[in-house]
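Student: below are the sequence and a predicted model for it; my questions follow.
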Amino acid sequence: MRKVEAIIRPEKLEKVKESLGQFGIRGMTVTHVTGCGLQKGKTEVYRGSVYTIDLLPKVKIEIVVPEEYLEEALKIIIENAKTGHIGDGKIFIYPVEDAIRIRTEERGEQAI
Amino acid sequence: MRKVEAIIRPEKLEKVKESLGQFGIRGMTVTHVTGCGLQKGKTEVYRGSVYTIDLLPKVKIEIVVPEEYLEEALKIIIENAKTGHIGDGKIFIYPVEDAIRIRTEERGEQAI
Amino acid sequence: MRKVEAIIRPEKLEKVKESLGQFGIRGMTVTHVTGCGLQKGKTEVYRGSVYTIDLLPKVKIEIVVPEEYLEEALKIIIENAKTGHIGDGKIFIYPVEDAIRIRTEERGEQAI
Amino acid sequence: MRFFVAAVLWWVWWSSLSGTAWAAETQNINTGDTAFLLVASALVMLMTPGLALFYGGMVRRKNVLNTIMQSFIVMALISVQWILIGYSLAFGPDVGNIIGNLSWAGFHQVGLAPNPDYAPSIPHQVFAAFQLMFAIITPALISGAIAERMRFPAYLLFVLLWATFVYDPLAHWVWGVNGWLRNLGALDFAGGTVVHISAGVAGLVAALVLGQRKGYGKLPMPPHNLPMTVMETALLWFGWFGFNAGSALAASELASNAFITTNTAAGAAVLGWMFTEWILHGKPTVLGAASGAIAGLVAITPAAGYVTPLSSIIIGVIAGILCCLAVSVLKKRMGYDDALDAFGCHGIGGTWGSLATGLFASQAVNPAGNNGLFYGNPSLLMTQFIAVLAAWSFVAAVTFVILKVVGLLTPLRASAEEEEVGLDLSQHGEDAYPDMPVAALQVDNGNEGQVAAEILVGKSMP
Amino acid sequence: MRFFVAAVLWWVWWSSLSGTAWAAETQNINTGDTAFLLVASALVMLMTPGLALFYGGMVRRKNVLNTIMQSFIVMALISVQWILIGYSLAFGPDVGNIIGNLSWAGFHQVGLAPNPDYAPSIPHQVFAAFQLMFAIITPALISGAIAERMRFPAYLLFVLLWATFVYDPLAHWVWGVNGWLRNLGALDFAGGTVVHISAGVAGLVAALVLGQRKGYGKLPMPPHNLPMTVMETALLWFGWFGFNAGSALAASELASNAFITTNTAAGAAVLGWMFTEWILHGKPTVLGAASGAIAGLVAITPAAGYVTPLSSIIIGVIAGILCCLAVSVLKKRMGYDDALDAFGCHGIGGTWGSLATGLFASQAVNPAGNNGLFYGNPSLLMTQFIAVLAAWSFVAAVTFVILKVVGLLTPLRASAEEEEVGLDLSQHGEDAYPDMPVAALQVDNGNEGQVAAEILVGKSMP
Amino acid sequence: MRFFVAAVLWWVWWSSLSGTAWAAETQNINTGDTAFLLVASALVMLMTPGLALFYGGMVRRKNVLNTIMQSFIVMALISVQWILIGYSLAFGPDVGNIIGNLSWAGFHQVGLAPNPDYAPSIPHQVFAAFQLMFAIITPALISGAIAERMRFPAYLLFVLLWATFVYDPLAHWVWGVNGWLRNLGALDFAGGTVVHISAGVAGLVAALVLGQRKGYGKLPMPPHNLPMTVMETALLWFGWFGFNAGSALAASELASNAFITTNTAAGAAVLGWMFTEWILHGKPTVLGAASGAIAGLVAITPAAGYVTPLSSIIIGVIAGILCCLAVSVLKKRMGYDDALDAFGCHGIGGTWGSLATGLFASQAVNPAGNNGLFYGNPSLLMTQFIAVLAAWSFVAAVTFVILKVVGLLTPLRASAEEEEVGLDLSQHGEDAYPDMPVAALQVDNGNEGQVAAEILVGKSMP
Ligand SMILES: Nc1ncnc2c1ncn2[C@@H]1O[C@H](COP(=O)(O)OP(=O)(O)O)[C@@H](O)[C@H]1O
Ligand SMILES: Nc1ncnc2c1ncn2[C@@H]1O[C@H](COP(=O)(O)OP(=O)(O)O)[C@@H](O)[C@H]1O
Ligand SMILES: Nc1ncnc2c1ncn2[C@@H]1O[C@H](COP(=O)(O)OP(=O)(O)O)[C@@H](O)[C@H]1O
């Protein structure tokens, strides 16, 4: 099992989710995060004070997948999240030791 | 050390937290996330437009524990978070390389 | 590659971010989380009902770094996040298997 | 369709009866008084949505729309009920000192000429409109006691029956020509018994019948938006000028006295509540200050046109202290779940105000009133006591019966799951801030949903 | 600088012309009527910010400030335009039954003495101020149709031209001395055609010209703050008392009738919309109830001073049903993106109200009015129909031309990226709740930004 | 207890003194004027909570309740202080042209008959109530300058002393019979010096004495809820009609002039500020537009009943430009932390308005006024200048002394930790949106807390 953690543009979430769903991956956990990197911040003005916000809204998708689906899942995410402009985000892959489905107490690949 | 990541129903958080606390695990990090999986979404209506929301609110609990407490911690979480209905959530277990307590700069198991 | 996950006081975020930036680490993902541990909660009163909130606001910083920068990054975080009082938070280090930059599809250390 | 046209024509014919009546008798109104009462009516009308959000700010996020709706829908229901029968029952020609008859139903006889029995210098319809606003806010006040757990259809039915069988008769007793409490000499300037005691006591009964919210006393249930609650407190304060000063029914010296006593009592009660809480809990809370304003306004309501500004300071301070103790000590001791303190503020405050009228009333302020105990006349206090007792018993009994009847027709209480998921979603299929968790991060809100498409359940990993 | 001083002096001289005029003629106002109209003007003024937040609550978080601004800025623009030329065009001495001339520009001749043609018992300026508030809210209403996608500079220009070339002439037709629709005998008590039909139809045209929002029909676009929307509905209801009762132009019996019919129709329409939706979608929504109130208020506007309270119940219920069907069925069928239903509520509701006036008007209520179909006079319905048709055609045509002209000067529509990031940031450089995602967790809000420092781009891992 | 009863009886006896007085003299009020002033008082009252949320929207989330409370509590404090001594000090029989004596304390002599010196057609109490609302809002305005850092107990004390030793005397100078500025011929229609200059200058002094907020200039401190701020701007605008038109003290032609100039100046100033900012920063901000409205309303306040509508356009536009430059250029240069621009808007705007009165006043508008420079009379400008100077010096000096005295009794400034955690929690033990971060995700809010149970510290992993 691997955990795929994709940090993407918020506006791409729906498309990624749908495409993964069509492939058959429905289970995922989504978090709203902020991130910084190469992407330029945005500027706001309040009564003459100019602020630059450099932590930009992103969405983090976490999916635990059996190894055999990993590459396909990555491909789908990249395809649907890519715009080619700075700020598209990253995917990180982590090892997972075990998984449990709380409802049934199943363990391992059955659980995901 | 292992990281236990439990994605549970929000309304179970208090009970899980309390039971872990009684067992002696007080340290944890909690994040509000949304997730989808087998669970059915909910339907909302605004001026005749019907929306189905399929990302449902969940709570993610992250606890880093020494290996010897792992199984006990998992048991407590499962016991307290389980309702037997779809949507109870998952627990994932990850390897941890090291931990540091910022206040004291202690490292390893001392730190958690 | 390693993932550094630092859970720190919210008010320290800016300083940590700036110092990491000076060192050259600009890429990071930031999440608002709540945590409990040794730190005392806060008390609120509403029409005579006294509530104690024991999940306190924290900020989680996630940075994936090549191994050679790991120790330096840890040092910078500790230096800037430490106050010496309970509640300073923790740093956890996890193994990372791979990283992908969505924009360019680069993999591995190039991607971060 | 033919039936529909016939019904409309009958309706028009019925309404034309009154139409002709009033065109003839138009005469003699005072424009200043009419202007004042029109505006006062608008101000009192504004109090109900103010209450909606005052309450709405104090519930949890998942119940805010339902709580707001519980006040808002009363505006719709009673606006129509009042025209059809409510006004006639409350103020129409007396039947046995207990209730009005139906001869003013559909606003027959309620024309544009003044009705000298009630308000000699303004159109009768303006008086009726002003009174309508009181009939609206009273049932809405009850909703604070049963917030976060009552099913909406049951609430609709309850409100309609309560307005008809509790509010309308009680208003007749106290304000209607030949109402028995009016004949007895009980003083209620702007609704201490009719509005506040009745709503507060009904709230207490309803809270007991419905039972506590799930988790009450074990889980914290803090307000979800206090700035909203404070703002609406102020809007209530603002509207209360219409409520109390308007009850002089003219832009007169009496209105002026009611205006200043209202404001003073509110201010004094804020201080009373705030300092009591400061002593009890170590900090002066903002919600406490806001609650104090309501307590003071409630308590001065029956007294506003009978007492001096200095007396209103005492009435206010004591109201603040009493209500603070009621919600933070009494409620906890007794264990009833009066969610937003409808009883604690309106029941207790209204009772204190009605009795205080028996203490502080002075004919030097209002010759049409009476002297209270402190002005040498103990009998008024006795009369006020009887009025309070009568209101408490009548309201408690009839409210209980109505709830039981409604409960036979449809369940009163939301199921455990409905309560858990929140009444907004379960009763109305809505979310108060649907765009918030997402858009808080400027995500296009489309991302969290699909239009009109149910999720395919059961399809998992391939 | 010298030029500046000269300009100010000329301005002062110009304004002194009118100044001297009015000081002389001061006489004979009725204080009650004046008090009422001053307050009514303030109430109507309040409706525009009420609308701003009513609309603001219904858009997505990223567009709330722009939506609010679209109403708020009209208050500024038209407040000045009205003094300079607007009032003169609308109510000034007639030119060809079509428009006023400019002899009242700069409020010349618009003094403190009453103008007996319009309102004999209040200062002429009070009448002008009252009418100003109508001139403000009408263009603001249009913004609901084009929310979340119009560039702000284009909007500014559009509003200014629309007020001058659509609203001012139309007001003259219906209310101006010698306006052709007034001469024809068309009844419009408080603006069914002038305000609601004109704003609704202009909204429809603008929505068609601008096109749908990105993702419309595919992505959900739920309201971001419904409690705000409900509260402002109530504020609109409150202000509407000024709008309709104030249109009696005196604290009179007529005002009293308009007051009660306004309130009743609103209440009845809430019920109409709520039950329609309950049947259609299985749940009574809070947004539906609020929308119903608006529908009822719109529909009663032209009729308020001509119909009985009982008739207003029917007008209201039908308005609720019709507008509910318009927004949930008609809109979907036709595919136009009337984002916040400016057309669905005001266009449809206003048309129904204008025709309903032809059905239910009764001289028993208002001898200065006329009898409608149900009172035996079919000709009024015909006249109302002509007025509706004239308003629809004139507004649609001129609005279309104005939009095309503005589109030549500056792009009407925000670019795809501007729309994606939200109009708040792209048009105004602001965020409605900048402290929220952070402070929701009590972070010092400094953490997410740096003052006046752009990010160094391109510097990455060392 | 015996003491308590004795105290109440003495209180009643004291209050009955005035009671008897007024009952006798009741006579001759004008109902239209009385209706107008009662409503105007209510409108001005509403401005203070409006201000509370106007300011509340501009602070960071962690300080919103404290900021709101700083305005709200003034309503309570001064409502009582005014009855007891404030009104007598400000408007009571003159002592040395400087202050009123205490013979009207407890509202003795302040009865229901008119006081011809101040307002001959309305009950004296109505005049007193109207003035009360001005006495409430003025100290509340100051809170904008010291937001987010002052301890609540110190604030309470400060406000009470400031109202008594700054506001009451200054009001006497300008408006009291025999006040020296009034005798001098200085014009201040509705409070340019008394309200705005005094609050603005006091704010500046307080901001300097308290020092900057932690992190000021280094961390961004953006508003946490701009829609709230814009809405309350509009509520202030609405209330300002009561403030300015009400200052005519009758529903008269003068009120009508004040009404229209008020609205026009507000609109013009929105445009002035917006375009200035558009040029300076490249975008027209919504907060700028709202701020412009306040600037215009402030500037027209002293002039409203003395200038023509056309002059009010110029006054407004210049006010918008000046205040925009003050907050975005001057403040940054000087380095004081006037957190919400109490000085920038009220100090600067009020000063400009008072001087502008010396430029644009015209006896053609108000024969009881005077002509300004542009109408050929330079001396008025001189008088206005003296009044401004006197107000600035007096307010600055006494405010400074009061702050120093309060600082001796209790610390003025919140500790660094209190400021860090936010004043809501540290001063009031409350959180404005406690349910939000959780309920935003529809969690039962119980999850984040335990009722009345402190955390056991020190018990960790077993
Ligand atoms: N080293 C890193 N560790 C964790 N998250 C990162 C890292 N670098 C970038 N990110 C995340 O990826 C997002 C996009 O990165 P950015 O450098 O702006 O653009 P790109 O991915 O196109 O190079 C950031 O906002 C941040 O959330
Ligand atoms: N493969 C997965 N990777 C990450 N999170 C998952 C995965 N599958 C499920 N989840 C999380 O678990 C939650 C519950 O899963 P669901 O399939 O609805 O019910 P159950 O756990 O009872 O099978 C989801 O809302 C999601 O947050
Ligand atoms: N075992 C753990 N697993 C995950 N997070 C933890 C753990 N222990 C502590 N934390 C996080 O670290 C934060 C600070 O811990 P705390 O015990 O209060 O202080 P300190 O770090 O100074 O010992 C907590 O709020 C929580 O978010």
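Tutor: Done, it's in. Ligands and ions are numbered 1, 2, ... in the order given.
Student: which bits of chain D sit near chain C?
Tutor: For chain D, the contact set with chain C under Cβ under 8 Å from any Cβ of the partner chain comprises D:220, D:222-223, D:277, D:280-281, D:283, D:285, D:287-288, D:291, D:324, D:327-329, D:331-332, D:341. All C-beta atoms are positioned from the backbone trio N, CA, C, and that covers glycine.
Student: same thing but 7 Å
Tutor: Residues of chain D found near chain C (Cβ under 7 Å from any Cβ of the partner chain) are D:Pro220, D:Pro222, D:Pro223, D:His281, D:Lys283, D:Thr285, D:Leu287, D:Ser291, D:Val327, D:Ser328, D:Asp341.
Student: chain D: strands as residue ranges?
Tutor: Assigned by DSSP state E, chain D shows strands spanning D:94-95, D:99-100, D:449-451.
Student: mean pLDDT for these: which is lowest?
Tutor: For those, mean pLDDT drops lowest on strand D:449-451, to a mean of 29.
Student: residue 65: how many residues sit nearby?
Tutor: Just going to use chain A. 24 (other Cβ atoms under 10 Å in any protein chain shown).
Student: not quite, go with chain D.
Tutor: 30.
Student: contacting residues around the nearest residue to D:Met69 once chain neighbours are set aside?
Tutor: Leaving out its chain neighbours, the residue that sits closest to D:Met69 by Cβ to Cβ, 6 or more residues apart in numbering or on different chains is E:Val286, at 4.7 Å. The neighbourhood of E:Val286, defined by Cβ atoms under 7 Å, 6 or more residues apart in numbering or on different chains, consists of D:Leu65, D:Ile68, D:Met69, D:His428, D:Glu430, E:Leu226, E:Val230.
Student: how is A:Glu62 assigned, secondary-structure-wise?
Tutor: Secondary structure assignment for A:Glu62 (DSSP: H, G, I helix; E, B strand; the rest coil): strand.
Student: what's around it, how many residues?
Tutor: 21.
Student: so where does the closest residue to it other than its chain neighbours fall, helix or strand?
Tutor: Excluding the flanking residues, the one nearest A:Glu62 by Cβ to Cβ, 6+ apart is A:Thr29, at 4.6 Å. In this assignment (DSSP states H and E), A:Thr29 forms part of strand A:28-36.
Student: any idea how far D:Thr48 is from ligand 3?
Tutor: Counting by Cβ to the nearest ligand atom, to the nearest Å, the separation of D:Thr48 from ligand 3 is 44 Å.
Student: so that residue touches D:Ala140, yeah?
Tutor: Yes - at 5.2 Å, D:Thr48 counts as touching D:Ala140 under the criterion of Cβ atoms under 7 Å.
Student: need the overlap of contacts for these two.
Tutor: D:Ser71, D:Val74.
Student: so what's D:Val298 up against?
Tutor: By Cβ under 7 Å, 6+ apart, the residues touching D:Val298 are D:His196, D:Ala319, D:Cys345, D:His346, D:Gly349, D:Gly350, D:Gly353.
Student: who wins for most neighbours among those residues?
Tutor: D:Gly353 (35 neighbours).
Student: show me what the strand holding A:Thr29 is packed against.
Tutor: Using 3 or more Cβ pairs under 7 Å, 6 or more residues apart in numbering or on different chains; DSSP states H and E, the elements in contact with strand A:28-36 are strand A:56-65, strand B:28-36, strand C:28-36.
Student: quick one: contacts of the longest one?
Tutor: In other words, strand A:56-65. In contact with strand A:56-65 (Cβ under 7 Å, 6+ apart) are residues A:1-10, A:13, A:16, A:25, A:28-36, A:39, A:41, A:73, A:89, A:96, A:99, A:112, B:92, C:29, D:441-443.
Student: restricted to helices, list these.
Tutor: A:Leu13, A:Val16, A:Ala73 (DSSP state H).
Student: distance of D:Gly242 from chain E?
Tutor: Using Cβ to the nearest Cβ, to the nearest Å, we find D:Gly242 at a distance of 11 Å from chain E.
Student: now that residue: how far from E:Ser252?
Tutor: Separation of D:Gly242 from E:Ser252 (Cβ to Cβ, to the nearest Å): 20 Å.
Student: got the contact list for A:Tyr94?
Tutor: A:Arg2, A:Lys3, A:Glu5, B:Tyr94, C:Tyr94, C:Val96, C:Glu97.
Student: which one of these is nearest to F:Trp273?
Tutor: Nearest to F:Trp273, judged by Cβ to Cβ, of these is A:Glu5 at 46.7 Å.
Student: what stretches of chain D score poorly on pLDDT?
Tutor: D:1, D:16-27, D:435-462 (pLDDT under 70).
Student: first-to-last residue distance for stretch D:238-255?
Tutor: Length of stretch D:238-255, first residue to last, Cα to Cα, to the nearest Å: 15 Å.
Student: check whether it contacts chain F.
Tutor: Yes - using Cβ under 7 Å from any Cβ, stretch D:238-255 reaches chain F at D:Phe238, D:Phe241, D:Ala245, D:Ala250, D:Ala251, D:Glu253, D:Ala255.
Student: nearest to ligand 3, of the residues you listed?
Tutor: D:Phe238 (44.1 Å; Cβ to the nearest ligand atom).
Student: separation between the closest one and chain E?
Tutor: Distance, D:Phe238 to chain E, by Cβ to the nearest Cβ: 11 Å.
Student: ok, now D:Phe394?
Tutor: D:Phe394 is 27 Å from chain E, by Cβ to the nearest Cβ.
Student: give me the neighbour count for that residue.
Tutor: 16.
Student: please apply the same query to the one 5 residues further on.
Tutor: By other Cβ under 10 Å, the residues close to D:Thr399 number 24.
Student: right, and it touches D:Val166 too?
Tutor: Yes - counting by Cβ under 7 Å, D:Thr399 touches D:Val166, with 6.3 Å between them.
Student: shared neighbours of these two, anything?
Tutor: D:Ala202.
Student: near chain A, from the contacts of D:Val298?
Tutor: On the criterion Cβ under 7 Å from any Cβ, none of the entries of the contacts of D:Val298 sits beside chain A.
Student: in helices, which of those fall?
Tutor: Using DSSP H, the contacts of D:Val298 in helices are D:Ala319, D:Gly349, D:Gly350, D:Gly353.
Student: of those, just say which sits nearest to D:Thr34.
Tutor: For these, the nearest to D:Thr34 is D:Gly353 (28.7 Å; Cβ to Cβ).
Student: the closest residue to the closest one other than its chain neighbours: what's it in contact with?
Tutor: For D:Gly353, ignoring the flanking residues on the chain, the nearest one in space by Cβ to Cβ, 6+ apart is D:Ala299 at 3.7 Å. With contact taken as Cβ under 7 Å, 6+ apart, D:Ala299 is in contact with D:Ala265, D:Ala269, D:Ile315, D:Gly316, D:Ala319, D:Gly349, D:Trp352, D:Gly353, D:Ala356.
Student: let me know the distance separating D:Gly305 from chain B.
Tutor: 45 Å.
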